[in-house]
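In: Got a sequence here, can you build the structure:
(one chain, ligands or ions: 1)
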Amino acid sequence: MSVVVLAGGVGGAKLASGVQALAGTDLTVIVNTGDDLKRHGLLVCPDHDTVLYNLAGLDDRDQGWGIRGETFAVADQLAVYGEETWFRLGDRDLATHIVRTARLRAGDRPTEVALALQRSLGIAARILPMTDGIVMTEVLTDDGWLEFQEYFVHRHQAPEVHEVRFRGIDVVRPTPEVHDALAAAAVIVVAPSNPIVSIGPILAVPGLREAIAAARARRVPVVAVSGIVGGRALRGPADRMLTSLGHDSSALGVARLYAGLLDGFVLDAVDAELASPIAALGMTTLVVDTVMSDDAGRVRLARDVLDFAARLVGEDGPPGRRR
Ligand code: FO1
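Out: Residues are numbered from 1 along each chain as shown. Reported below is the predicted structural model:
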């Protein structure tokens, strides 16, 4: 069964690694590239790399990003030279960015470079950038428009976000690899990543929503997992961002953002009372434990999600389209 997961960083990487344990080579992860940035002349792709290190079993579990057991000798020396080092790049992580940047300069496409990095780390699944074009997520705060990592890392997600934009999004397109993955998908899963700045850019790539709709028309179930549990984001600023942008900071608020896109929605047991208002949006719901605190939790949620998606495909296709 070919599984496509749409993912941002940590939450998406955790679920993707659970799916990998079950689906192996039949997994394709489409990752957000709106968080990408240039540091010290190198292109860094945080969401791709978080998924990369998770699927390779190299991820730093305590930190949530980067490589386990990392050292920071280069970052320390960069600081000696007066370089800004608020975005901490570890020594082994830097090798990823050096190789990526060199191959892009040599003329390879971002998707080709990403796939080569994955093969080198022994990953059998595919992690595809949402596009080969350049998209920059920016947030409007009281201090004006900030690049995403300036807001997220440098300012510790402290400024209130009044608006979000994805610069460059209008002119980018999904890659042939993304089109092929969605065309071959047996199930599409929207990971419990930030719905606005992680999943938002992926869905905003022109043609992406249409490709998902075409999959649904072939009776491919599309299911999402809420990253908001008990009104709070398990990690990151999604809860505060939802509120400041006028949405509910709840599983229901997330489901509303995905209305019309999904057949099924997975929410945590602590939010069970939201199942019926979410169902009223035209989605079938599944209430389970969605917190992935260890490997077993990742695989358990992945199995729950895939079993749920399989159940949605009845005689008449996913329930949203039954007449
Ligand atoms: N997050 C931090 O909070 N501080 C950092 O210094 C930092 C460095 C970093 C380097 C490489 C990388 O791939 C990710 C890194 N992250 C860091 C995480 C990243 O900024 C965010 O988790 C994502 O962009 C949010 O999806």
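
In: drop to CA atoms for contacts and neighbour counts, all remaining ones
Out: OK.

In: where do the strands sit along this protein?
Out: For the chain, applying DSSP state E gives strands covering 3-7, 27-31, 37-39, 42-44, 126-129, 136-141, 144-147, 163-167, 187-190, 222-225, 228-229, 232-233, 264-268, 284-288.

In: between the ones you listed, which one is nearest to the ligand?
Out: Closest approach to the ligand among the strands of the chain (CA to the nearest ligand atom): strand 42-44, 6.4 Å.

In: So which residues make contact with the closest one?
Out: Identification of contacts with strand 42-44 by CA atoms under 8 Å, 6 or more residues apart in numbering yields D36, L37, K38, H97, I98, R100, T101.

In: again, 10 Å this time
Out: By CA atoms under 10 Å, 6 or more residues apart in numbering, the residues outside strand 42-44 that reach it are 33, 35-38, 89, 93-94, 96-102, 104.

In: quick one: G282 and G260, what's the gap?
Out: From G282 across to G260, the span is 8 Å (CA to CA, to the nearest Å).

In: now C45
Out: Noted for C45: a distance of 30 Å to G260, by CA to CA.

In: So the two - more neighbours on which side?
Out: C45 (21 against 13; other CA atoms under 10 Å).

In: next one: phi and psi at that one?
Out: As for C45, its main-chain torsions (degrees, to the nearest 10) stand at phi -120, psi 80.

In: same deal with L262?
Out: Dihedral angles of L262 (phi, psi; degrees, to the nearest 10) stand at phi -110, psi 160.

In: In contact with the residue lying closest to it once chain neighbours are set aside, which residues?
Out: Distance criterion CA to CA, 6 or more residues apart in numbering; nearest residue to L262, sequence neighbours excluded, is V222 at 5.1 Å. Applying CA under 10 Å, 6+ apart, we find V222 in contact with 4-5, 185-190, 212-213, 215-216, 261-265, 283, 309, 312, 318.

In: go again using 6 Å as the cut-off
Out: I188, V189, L262, D263 (CA atoms under 6 Å, 6 or more residues apart in numbering).
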